[in-house]
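Student: Attaching a predicted model along with its sequence, questions to come.
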Amino acid sequence: MGNSIADRLVDEIKSLAPELQQRVLEFAQALAISKHRGLPGRQLLQFAGDLTPEDAQLMRDAIEKGCEKIDSHEW
């Protein structure tokens, strides 16, 4: 039971079919990319208060309008 997480993961992956191994690889790559996005909140504090209420409402409206569309052919 002294195996590292990486060792245990490799053992599990080896038991999977090649197609599932590919999916695990793609998932791991997506996780690696996602951790490099964004900034710490403290770096964004300089922008606090710059958004006017009118601009905020425009953004809300655009999000609601764009996010409520369903593309029935997407899946």
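Tutor: That came through fine. What you see is a predicted model; the values in this text were computed from it and never measured. Numbers count the residues shown, from 1 in each chain.
Student: for this protein, what's the longest helix?
Tutor: Across the chain, the longest stretch assigned as helix under DSSP state H is helix 18-34.
Student: Just give me the neighbour total for Ala28.
Tutor: Burial of Ala28 is recorded as 12 neighbouring residues (other Cβ atoms under 10 Å). The C-beta positions use only the backbone N, C-alpha and C, and glycine is treated the same way.
Student: On the pLDDT front, check Val24 for me.
Tutor: Looking at Val24, its pLDDT stands at 95.
Student: what about the nearest residue to it once chain neighbours are set aside, helix or strand, and which?
Tutor: Of all residues not flanking Val24 in the chain, Ile13 sits nearest, at 5.6 Å (Cβ to Cβ, 6 or more residues apart in numbering). If you go by DSSP states H and E, Ile13 is part of helix 5-14.
Student: okay, and the helix or strand of the chain with the least pLDDT?
Tutor: Ranked by mean pLDDT, DSSP states H and E, the helix or strand of the chain with the weakest confidence is helix 41-44, at a mean of 85.
Student: just for the chain, where's the confidence low?
Tutor: Residues of the chain meeting the criterion pLDDT under 70: 1-2, 35-37, 68-71, 73-75.
Student: ok, the spatially most central residue of the chain to Phe27 distance?
Tutor: Of all residues in the chain, the one closest to the mean position by Cα atoms, centre = their mean is Ser34, 5.4 Å from it. Using Cβ to Cβ, to the nearest Å, Ser34 is found at 11 Å from Phe27.
Student: who does the host helix or strand of Glu54 touch, helix- and strand-wise?
Tutor: Assessed by DSSP H and E, Glu54 sits inside helix 53-67. Applying 3 or more Cβ pairs under 8 Å, 6 or more residues apart in numbering; DSSP states H and E, one finds that helix 53-67 contacts no other helix or strand.
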